[in-house]
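Trainee: Pasting the sequence and the predicted model now:
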Amino acid sequence: MSSHRFAVNVTPKPGILDPQGRAVEGSLDHLGIEGVHAVRVGRRVELSVDASDAASALAVVERLASELLANPLIEAYAIEAIEPVEAVA
Amino acid sequence: MPVRIGVVVFPGSNCDRDTLHGLELAGGEPVALWHEQATLDGVAAVILPGGFAYGDYLRAGVIARFSPVMRAVEAFAADGGLVLGICNGFQVLAEAGLVPGALLRNRGLRFLGRDVRIAAERLDTPFTHGLAAGGAPLRMPIAHGEGCYYADDATLDALEAEGQVLFRYVDEEGGQAAEDDREHNPNGSLRAIAGVLNAAGNVAGLMPHPERASESILGSDEGLPIIRSLVESAARAAAGERPLALVAAS
């Protein structure tokens, strides 16, 4: 067994209304920033998986992402392998 | 003997007592069902009440979906059992795929606690048969942060064609509220959809709270006929007028 660490990035699917993204865009004027658009706010989940190898660890994360972390009706997700950590609070 | 109707209590449910009380007013025998139990104690119908189940962490309703009692509710629904989800209960049903669509963050981003008016699209369902035909819109409260009904256009078209839109937000005269009409469709639900049915017609969810409008002392009793419809439908089901298998312990 070895430990594998992943990040799952969950974002609203294209075309899905994202009021949080709109609110962020709305604040840009106040900051005096121009040229920023199409803001989409999602969430990032980082986790470690104990598995025999990287492929089976990834399979676990795939299942977790599609069944729990993202709602496939409204959200897309992307999984990336990241550096393991000794301990995460 | 009054028919027994279950109300699931998740950690974070906060309308369970109102719903139990509403069931009593509607002539049912309310039964609280704990989220960790794997059976439904032989009830004839189930209500998933409002609240913030499991803190609504991650997405509203998603953690609750995986609780032991929900496995029993899914089996019950698959056997034709009557299930009604109110507010957070609607979100749980949507996350579980028991009703179509999803509930997005309110368009205005704010949590909304206020009265709305809704109209039933159909009066021939187990949840609405007791409503007066051609009656005035029903006034009852909403209290949610994620109540903006969403499904893609093809799904919305199909829901309308199949009669699966159960309630819509309407104005005082009963006209369907526009998607940008924040006065009458405060969360911005697509096609002003406030409640839907599953394809089989035995599972329904709605965002407004009929149980909080179940007696005049609460300011409105216009939600009571919805609860009464469910109680009467459950009584018929319990009397064997509709096949209703009991859920086996898993």
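Mentor: That came through fine. This one's a predicted model, so the numbers in the text were calculated from it and none came from an experiment.

Trainee: can you tell me how far residue B:45 sits from chain A?
Mentor: Separation of residue B:45 from chain A (C-beta to the nearest C-beta, to the nearest Å): 26 Å. In short, each C-beta sits where N, CA and C put it, glycine included.

Trainee: Residue B:85 now?
Mentor: 16 Å.

Trainee: what sits against that residue?
Mentor: Neighbour list for residue B:85: B:47, B:48, B:91, B:92, B:93, B:94, B:98, B:99, B:203, B:204, B:205, B:206 [criterion: C-beta atoms under 8 Å, 6 or more residues apart in numbering or on different chains].

Trainee: got it, and residue B:7?
Mentor: Contacts of residue B:7 (C-beta under 8 Å, 6+ apart): B:16, B:19, B:20, B:23, B:30, B:31, B:32, B:33, B:46, B:47, B:49.

Trainee: Make JSON lines out of the contacts of residue B:85 and add neighbour count and distance to residue B:146.
Mentor: Conversion of the contacts of residue B:85 to JSON lines gives the following (neighbours: other C-beta atoms under 10 Å in any protein chain shown; distance: C-beta to C-beta, whole Å):
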{"residue": "B:47", "neighbour count": "29", "distance to residue B:146": "19"}
{"residue": "B:48", "neighbour count": "36", "distance to residue B:146": "15"}
{"residue": "B:91", "neighbour count": "29", "distance to residue B:146": "7"}
{"residue": "B:92", "neighbour count": "29", "distance to residue B:146": "12"}
{"residue": "B:93", "neighbour count": "31", "distance to residue B:146": "14"}
{"residue": "B:94", "neighbour count": "27", "distance to residue B:146": "10"}
{"residue": "B:98", "neighbour count": "23", "distance to residue B:146": "17"}
{"residue": "B:99", "neighbour count": "26", "distance to residue B:146": "15"}
{"residue": "B:203", "neighbour count": "28", "distance to residue B:146": "20"}
{"residue": "B:204", "neighbour count": "27", "distance to residue B:146": "18"}
{"residue": "B:205", "neighbour count": "31", "distance to residue B:146": "13"}
{"residue": "B:206", "neighbour count": "29", "distance to residue B:146": "14"}
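
Trainee: Just these: which are in strands?
Mentor: Taking DSSP state E, the ones among these that sit in strands are B:47, B:48, B:203, B:204, B:205, B:206.

Trainee: State the pLDDT value of the residue lying closest to the second one once chain neighbours are set aside.
Mentor: In space, not counting the residues next to it along the chain, residue B:48 is nearest to residue B:89; the distance is 2.9 Å by C-beta to C-beta, 6 or more residues apart in numbering or on different chains. The predicted local confidence for residue B:89 comes out at a pLDDT of 98.

Trainee: What is the burial count for residue B:89?
Mentor: 30 (other C-beta atoms under 10 Å in any protein chain shown).

Trainee: just to confirm, which helix or strand has it in it?
Mentor: helix B:88-95 (DSSP states H and E).

Trainee: So is whatever helix or strand comes next after that helix next to chain A?
Mentor: As assigned by DSSP H and E, the chain's next helix or strand after helix B:88-95 is strand B:102-104. Yes: against chain A, strand B:102-104 shows contacts by C-beta under 8 Å from any C-beta of the partner chain at B:102, B:104.

Trainee: partners of strand B:102-104, with directions?
Mentor: Using DSSP bridges, strand B:102-104 pairs in its sheet with strand B:148-150 (antiparallel).

Trainee: What lies in contact with the very next helix or strand once past the partner strand?
Mentor: As assigned by DSSP H and E, the chain's next helix or strand after strand B:148-150 is helix B:153-161. Applying C-beta under 8 Å, 6+ apart, the contact partners of helix B:153-161 are B:100, B:101, B:151, B:164, B:165, B:190, B:191, B:193, B:196.

Trainee: Which strands or helices does the helix or strand bottoming out on mean pLDDT in chain B pack on?
Mentor: In chain B, the helix or strand scored least confidently by mean pLDDT, DSSP states H and E is helix B:62-65, which has a mean of 94. Judged by 3 or more C-beta pairs under 8 Å, 6 or more residues apart in numbering or on different chains; DSSP states H and E, helix B:62-65 is in contact with helix B:88-95.

Trainee: Convert the C-alpha atoms of the longest strand seen in chain A to PDB, please.
Mentor: In chain A, assigned by DSSP E, the strand with the most residues is strand A:2-12. The C-alpha trace of strand A:2-12 is given here as PDB (Å, rounded to 0.1, in the frame of the first residue of the first chain):
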ATOM      1  CA  SER A   2       1.100   3.500  -0.700                       C
ATOM      2  CA  SER A   3      -0.500   6.900  -0.200                       C
ATOM      3  CA  HIS A   4      -1.500   9.000  -3.200                       C
ATOM      4  CA  ARG A   5      -2.700  12.600  -3.000                       C
ATOM      5  CA  PHE A   6      -5.100  14.200  -5.400                       C
ATOM      6  CA  ALA A   7      -6.900  17.500  -5.900                       C
ATOM      7  CA  VAL A   8     -10.400  17.400  -7.400                       C
ATOM      8  CA  ASN A   9     -11.400  20.700  -9.000                       C
ATOM      9  CA  VAL A  10     -15.200  21.100  -9.200                       C
ATOM     10  CA  THR A  11     -16.600  23.900 -11.400                       C
ATOM     11  CA  PRO A  12     -20.000  24.900 -12.700                       C
END
